[in-house]
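A.B. asks: need the 3D shape of this:
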Amino acid sequence: MSDDAFALRLARAVADRIRPLMGTADARRRVGTAHGGDPTYAIDAEAETLVREAFAERSDVAYFTEDEGLVVRGSPRRLFLVDPIDGTRPAAAGFETCCVSIAVAPFGAEPALGDVEYGCLVEIATGSVLEARRGAGASGDRAVEPSHARAVRGAFWAGGFRGQPAVLTATVLEEIFDAPGSEGAYFDQGSAAYSLACVATGRLDAYVDVGAAIVDEIPGARAAFEALGDGSILNSVTYDVAAGALLAREAGCAISDPRGRSLAEVPLLAADGSASPVATVCAGTPELHAELLAAVDRGLERARSLS
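C.D. replies: Next comes the predicted model:
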């Protein structure tokens, strides 16, 4: 079995295992703390157990999961970046906006997002599959066709607020919150991977996550984020976005960091072996992407005046 086929089979198996647990009382019981500082819930632990058992059957393997961090055995050729449940809280609440996300990249010195060769996302609630291969396009059970929206006015877009200081984040995103008007909508779906998949399939026009940029660029922001995260910064990281970003690129979406720079050079793993933080702006068209970047740039300048 190829590594890509193994990844998809594992993603489907996790989705099948987790689906009956969605929305149950036990799903949201906290049982520990993940490698990056996020709470681990009972529904996470069940998914992580299945992933660990699947990789235990492989002798030469490197994989990274939210709870375990990096595991290397033997002489692996490829690295699996696994988020067993991207959208733990929606899954625990019984909502649709969650998926299993697995990205596969060559294992070697300093692999980056641009090195990801394969990605798959399996919606936990529905079992729907989306796949992407670098340079070979994207496909799946849903039609891969980004929207044609060119302006923020009227846009349907998603982002994330959990773990981010509300006033600071809203200041940066003020124009994007306000511009859609009564015609548009903002969604906090609780899953970066699911949101990126929605942009690739045209269910959303855009996805904007500026948390990591705020931490890097706004004086005093790191302390504010750490206060909300009990000492950790709970921004999106590479295991959240690696498969979704590949899917979006292969679907023809415009995707970058908030400064318009390619995400290709973002290391999959930081120097300490943790997953690297990622800030993302993704849109179905270059025109909307450019408008979002300009709005975020002005928002970051406003936020600096508050610090």
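
A.B. asks: can you tell me how far residue 231 is from residue 94?
C.D. replies: Note on residue 231: its distance to residue 94, by C-beta to C-beta, to the nearest Å, is 30 Å. Bear in mind the C-beta positions are built from the backbone N, C-alpha and C, glycine included.

A.B. asks: neighbour count winner among the two?
C.D. replies: residue 94 (13 against 8; other C-beta atoms under 10 Å).

A.B. asks: dump the residue contacts of the more buried one.
C.D. replies: Counting by C-beta atoms under 8 Å, 6 or more residues apart in numbering, residue 94 makes contact with 22-24.

A.B. asks: and those residues, which of them are buried?
C.D. replies: residue 22 (16 or more other C-beta atoms under 10 Å).

A.B. asks: of the contacts of residue 94, which is the nearest to residue 81?
C.D. replies: residue 22 (23.4 Å; C-beta to C-beta).

A.B. asks: give me the phi and psi for the closest one.
C.D. replies: phi -60, psi 130 (degrees, to the nearest 10).

A.B. asks: same question, residue 239
C.D. replies: phi -70, psi -20.

A.B. asks: measure it to residue 52 for me?
C.D. replies: Distance from residue 239 to residue 52, by C-beta to C-beta: 15 Å.

A.B. asks: what sits against the residue lying closest to residue 128 once chain neighbours are set aside?
C.D. replies: The shortest distance from residue 128 to any non-neighbouring residue, by C-beta to C-beta, 6 or more residues apart in numbering, is to residue 141 (4.2 Å). Shown in contact with residue 141 (C-beta under 8 Å, 6+ apart): 128-130.

A.B. asks: 10 Å - rerun?
C.D. replies: By C-beta atoms under 10 Å, 6 or more residues apart in numbering, the contact set of residue 141 is 122-123, 126-131, 201.

A.B. asks: cool, residue 234 as well?
C.D. replies: With C-beta under 10 Å, 6+ apart, residue 234 has these contacts: 34, 36-39, 160, 162-164, 211, 225-226, 228, 277.
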